[in-house]
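Peer 1: mind looking at a prediction? Sequence and model below.
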Amino acid sequence: KIVPSDLSLLTPLALAHWIMQDGSRGTAKGLYICTDSFTHNDVKRLSLYLKDKYDINCSIHKAGENYRIYILVKSIETVKNIILPFMHTSMLYKLGV
């Protein structure tokens, strides 16, 4: 997988799809986005884009040899406000709804 150079493609709708497909609840009620197939630099770039564009606070967690974006608990409400209109009801559990 390749992260496109134009991150403006990561619209609220695209973010909702990404979370529905590759998101999972963390044990501390945050949200992981499995970015295992991306390079560390791409994961960092995505994380910074989420902060700059949507004010979503993230950290990067190592998972074996890979990296995952972890959306901090304090940003879950922000994520909900951005993507809830686009989420399928069967996937709301990923947001703790």
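Peer 2: Alright, I've got the coordinates.
Peer 1: can we go C-alpha only for contacts and neighbour counts from here?
Peer 2: Will do.
Peer 1: mind checking the longest helix of this structure?
Peer 2: Counting by DSSP state H, the longest helix found in the chain is helix 40-54.
Peer 1: flag every buried residue along the next helix or strand after that one.
Peer 2: Later in the chain than helix 40-54, the nearest helix or strand by DSSP states H and E is strand 58-63. Neighbour-count burial for strand 58-63 flags 58, 60 (criterion: 16 or more other CA atoms under 10 Å).
Peer 1: packing partners of strand 58-63?
Peer 2: Judged by 3 or more CA pairs under 8 Å, 6 or more residues apart in numbering; DSSP states H and E, strand 58-63 is in contact with helix 40-54, strand 66-71.
Peer 1: run through who's touching it.
Peer 2: For strand 58-63, contacts defined as CA atoms under 8 Å, 6 or more residues apart in numbering pick out 36, 43-44, 47, 50-51, 67-72.
Peer 1: try 6 Å this time
Peer 2: 67-72 (CA atoms under 6 Å, 6 or more residues apart in numbering).
Peer 1: kindly export it (C-alpha atoms) in PDB.
Peer 2: Provided in PDB are the C-alpha atoms of strand 58-63 (Å, rounded to 0.1, in the frame of the first residue of the first chain):
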ATOM      1  CA  CYS A  58      -2.500  10.800  17.800                       C
ATOM      2  CA  SER A  59       0.500   8.900  18.800                       C
ATOM      3  CA  ILE A  60       2.300   6.200  16.900                       C
ATOM      4  CA  HIS A  61       2.600   2.700  18.500                       C
ATOM      5  CA  LYS A  62       5.000   0.000  17.300                       C
ATOM      6  CA  ALA A  63       3.300  -3.300  16.600                       C
END
